[in-house]
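K.L.:
with the input below, show me the fold.
(2 chains)
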Amino acid sequence: MTLERILRSPLVNVGMIVLMAAAILTLHYDKAVPDGVQAALIGLLAGYVVVWTVLVLLHNRRNPERKIRVVSLFPPEFREEDEGQQWMNYRVTRRVYMLYCTGIPLSILVIYLAADGKAAAFICLCLLAVIQQLLYWWELRKWEKG
Amino acid sequence: MKNRVKELRARYDWTQEELARRVGITRQTVGLIEKGDYSPSVLLALKMARVFGVKVEDVFQLEAHEEPEEGVGP
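P.N.:
Model (predicted):
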């Protein structure tokens, strides 16, 4: 159960997004980045994905009744085991909706005004994704404490 | 909506886990209902009343401000 909690944690997604953001930014600002940093970050990201996938496969083998899909449109952190969890999902998706209502127009403005629009767009999207995951994690934490 | 879930659970000396198992929900949802943070569906309310062996209105009651203005009931 503990392994499943870790594998389904929104914080795992946050780690992946942050690593991906760092790796792509080093690719974007290739010349400004010291040698080795780019390769190290890409290696870390690949390792992160491989370790997560291996652990998911291990979990699925041990718990065939509680499988986590490695590739699915259904996010692994999303849990709907009973109506209490569905209610928690309702609350958090409402907050995420409010986040996007403000975050998307603000991002459009930032991308327009930024000198490097491509990097700004990338950073804005990553920020929105991280905040979304943290909101879900916060609600999940409150729910788990009961 | 107020409820007597905690009181009824104590009467049977059940833990939240025990009640959750009997009703088929998670322990956390029992906690949410007891705290009044979540109002269960009619189906779940009926199931809870059934496991306690009482009528649904003995477990869940409307707060004074939630009472309908007009009705034919008591």
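K.L.:
quick check: residues of chain A near chain B?
P.N.:
Residues of chain A found near chain B (CB under 8 Å from any CB of the partner chain) are A:81, A:82, A:83, A:84, A:85, A:87, A:143, A:144, A:145, A:146. Every C-beta, even on glycine, is put in place using the N, C-alpha and C of the backbone.
K.L.:
do that again at 6 Å, thanks
P.N.:
Applying CB under 6 Å from any CB of the partner chain, one finds that chain A approaches chain B through A:81, A:82, A:83, A:84, A:87, A:143, A:146.
K.L.:
if we ignore the residues flanking it in sequence, what's nearest the last one?
P.N.:
The one in question is residue A:146. Using CB to CB, 6 or more residues apart in numbering or on different chains and skipping the chain neighbours, the partner closest in space to residue A:146 is residue B:31 (3.0 Å).
K.L.:
the fourth one now?
P.N.:
Beyond its immediate neighbours in the sequence, the residue positioned closest to residue A:84 (CB to CB, 6+ apart) is residue B:29, lying 2.7 Å away.
K.L.:
pretty sure the one you found is in a helix, no?
P.N.:
Yes - counting by DSSP: H, G, I helix; E, B strand; the rest coil, residue B:29 is located in a helix.
K.L.:
I'd say it and residue A:82 touch.
P.N.:
Yes - with contact defined as CB atoms under 6 Å, residue B:29 and residue A:82 form a contacting pair (5.3 Å).
K.L.:
more neighbours: which of the two?
P.N.:
Remark: of residue B:29 and residue A:82, residue B:29 carries more neighbours, 26 against 18, as counted by other CB atoms under 10 Å in any protein chain shown.
K.L.:
any idea how far that one is from residue B:23?
P.N.:
For residue B:29, the distance to residue B:23 equals 9 Å [CB to CB, to the nearest Å].
K.L.:
again with residue A:48
P.N.:
For residue A:48, the distance to residue B:23 equals 39 Å [CB to CB].
K.L.:
avg pLDDT for the longest helix along chain A?
P.N.:
In chain A, taking DSSP state H as the definition, the longest helix is helix A:83-113. For helix A:83-113, mean pLDDT rounds to 95.
K.L.:
pull out the buried residues from stretch A:37-52.
P.N.:
Buried residues in stretch A:37-52, counted by 16 or more other CB atoms under 10 Å in any protein chain shown: A:38, A:41, A:42, A:45, A:48, A:52.
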